[in-house]
Every structure is written in structure tokens, then in C-alpha cells.
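Asks: heads up, no residue letters with this:
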């Protein structure tokens, strides 16, 4: 999934990360509860972002809170730029990454993953009426905005080598250049583009073009929670919590707060 300090949101995120981490639930320091630090990006709406008061919000954030409650973990957030999010985990800056990170074979060489907690396809977006031939040959010479160090950048480089691929520190920056006409198309997770761009004032007049892309080689097996290799107790505890919130209706409540469709995807997908 992403998941950089040139945008205002990223600057705020750095400030938060450098200061005290945000506590997930009041009174969670109860004796015997396992302390877990959760790394997230804070610049990938609607999954994770920072509101005008400086609070972390979004689907990832609410899922993290629900999982920590279900697992009885004493959790706190640490905000981290996307480029350094896996290095931060390996350096023990936090214990788990809940930041729309796709489960890919390349990443599994460095970290272990829980089961998925959502799975949505990637899409191209462009100005309405452009009538692009969305194919490797049809998009030769066209410029595309994509967030740096993401599965989407890797997919474009491997499958659309004739495109002018322009990378950005955050998805917000990529969206801004697309809206201003500096690039022809954008590519990202379809939900991030829909909720964070197309349905906003900035994205008026834009639409999805071409097919869904959800190929395991590049897009992985959905978004999962990354932990350090060998941290099996934490990984299994989070897996149990994912199953619990799916079963007891908590997941659906969070899903419906942000989306009018199911982002979990088909079982086993």
C-alpha cells in the first residue's frame, strides 16, 4: 500500500512522531497488558491522516484501536514517513505497522505479516473525457503520478515501461499534480483515490479509467499488519483479534463508517 515530509500533513506527522505517541485508549496501562507500539503513516486518507486538531484518524487507526481492544493490548501510535516505515519497525521504533501495507513476497523477506485486514484493487484515474487506451502501448509517453516506494510504483515500472513515471513523497502530492494538470494520470489504491481524491473538491471532473489491478505478484494478498520476523506471539495475537472483530460486527461498523462497500474482499482473497 505507501505507506515524506514536504506536505503539511507529513510535517505535522513528524512533529507528532518526535513527541509523545498518541495513546489508543484511556486507562490501557492496566497491569498485565502487553504494550504494543503501532507505526502508521498519517498521510494516506481515508486510511490514515491527521485532522485539524492534530489527531490521527482513519480506517487504519480505528482498526488498530479495535484490534488492541480485542487483544487486550496497551497500544500507542507512532507516526512515521512511508519511506522509513519498515526500517523503523526493524529498528524497534514500534512493534507493528498498521498502515495499509500490502502483503508481498518482497516485503516478506524482511518482515512477517498477519492475515489481511482488507483487500482493494489498484486503478488509474484521469480527467473525464480523455478516452485513454489503458494498455502498455496506449499509455506510452503519458505521464503518471504515483507515490514513491509503493506496490503501485513497482507495478507501473514492470508493466508500463513506456510511461513517464513521476514519483511523489505522499499520495496528496501526487493528487495535487494530477489535479493541476501536470500529469496525465494517477495510480493508487482505488479506495484511496475514490475517497481521498475523486470525491473531494480537488478531484471533481476526474474518473477511474481502465481495469482493476489486483495481481498478487505486484499487489500482494491484501493489506496486513507487519511485525518483526520471529514475533509470533504478537502476530498470532493480532490474527486472533482480526478474526474476533470480523465475527462480532466491530469490523463492519468501522467499514461502514468510511465506506458504502465491503473493503475486506472475498474470504481467502
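Replies: Received it, and whenever you're ready, just let me know what you need. Treat the numbers as computed from the prediction; the structure is a model and nothing was measured.
Asks: just give the nearest non-adjacent residue to residue 110, would you?
Replies: The shortest distance from residue 110 to any residue other than its chain neighbours is 5.9 Å, reached at residue 86 (Cβ to Cβ, 6 or more residues apart in numbering). Yep, even glycine has a C-beta here, placed from its N, CA and C like the rest.
Asks: residues contacting residue 40?
Replies: When contacts are counted by Cβ atoms under 8 Å, 6 or more residues apart in numbering, residue 40 touches 3, 48, 56, 60-61, 64, 77-80, 97-99.
Asks: so residue 45 is in contact with residue 193, correct?
Replies: No: Residue 45 lies out of contact with residue 193 (Cβ atoms under 8 Å); the separation is 10.7 Å.
Asks: strands along this protein, start to end?
Replies: 22-23, 34-40, 49-50, 56-57, 73-79, 96-102, 111-118, 122-127, 143-147, 164-168, 185-189, 206-213, 223-228 (DSSP state E).
Asks: mind checking which of those is nearest residue 198?
Replies: strand 206-213 (5.5 Å; Cβ to Cβ).
Asks: now do that closest one against strand 185-189, angle only.
Replies: 60 degrees (axes from the mean of the first three to the mean of the last three Cα atoms, to 10 degrees).
Asks: partner strands of strand 206-213, with direction?
Replies: Neighbouring strands of strand 206-213 in its sheet, by DSSP bridges, are strand 122-127 (antiparallel).
Asks: over the strand it pairs with, what's the mean pLDDT, rounded is fine.
Replies: What strand 122-127 shows for mean pLDDT is 98.
Asks: gap between the two ends of stretch 40-58?
Replies: 11 Å (Cα to Cα, to the nearest Å).
Asks: ok, stretch 85-105 next?
Replies: Start-to-end, stretch 85-105 (Cα to Cα) is 17 Å.
Asks: how distant is that stretch from the center of its chain?
Replies: In terms of Cα atoms, centre = their mean, to the nearest Å, the centre of stretch 85-105 is set 11 Å apart from its chain centre.
Asks: in CSV, list the strands of the chain along with distance to residue 136.
Replies: What follows is those, written out as CSV (distance: least, Cβ to Cβ, whole Å):
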stretch, distance to residue 136
strand 22-23, 43
strand 34-40, 34
strand 49-50, 33
strand 56-57, 38
strand 73-79, 37
strand 96-102, 22
strand 111-118, 28
strand 122-127, 12
strand 143-147, 12
strand 164-168, 12
strand 185-189, 13
strand 206-213, 11
strand 223-228, 26
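Asks: point out where the stretch 151-269 of the chain drops to low pLDDT.
Replies: Low-confidence segments of the stretch 151-269 of the chain (pLDDT under 70): 266-269.
Asks: who's in contact with residue 219?
Replies: 102, 104, 121, 122, 151, 155, 213.
Asks: repeat that with 10 Å
Replies: 1, 102-104, 119-122, 151-152, 154-155, 189, 212-213 (Cβ atoms under 10 Å, 6 or more residues apart in numbering).
Asks: which among the residues you listed end up buried?
Replies: 1, 102-104, 119-120, 122, 151-152, 154-155, 189, 213 (16 or more other Cβ atoms under 10 Å).
Asks: nearest to residue 169 among the residues you listed?
Replies: residue 152 (14.0 Å).
Asks: for the closest one, give its distance to residue 50.
Replies: According to Cβ to Cβ, to the nearest Å, residue 152 and residue 50 sit 22 Å apart.
Asks: look at residue 20 and report its pLDDT.
Replies: 40.
Asks: cool, and the one 3 residues further on?
Replies: Note for residue 23: predicted pLDDT of 47.
Asks: i'd like the first residue to be 28 from this point on
Replies: Will do, 28 is the new start, and the previous item becomes residue 50.
Asks: how near is the residue lying closest to residue 150 once chain neighbours are set aside to residue 271?
Replies: Spatially, and ignoring its direct neighbours in sequence, residue 150 is nearest to residue 217 (4.2 Å; Cβ to Cβ, 6+ apart). Distance of residue 217 to residue 271, given as Cβ to Cβ: 27 Å.
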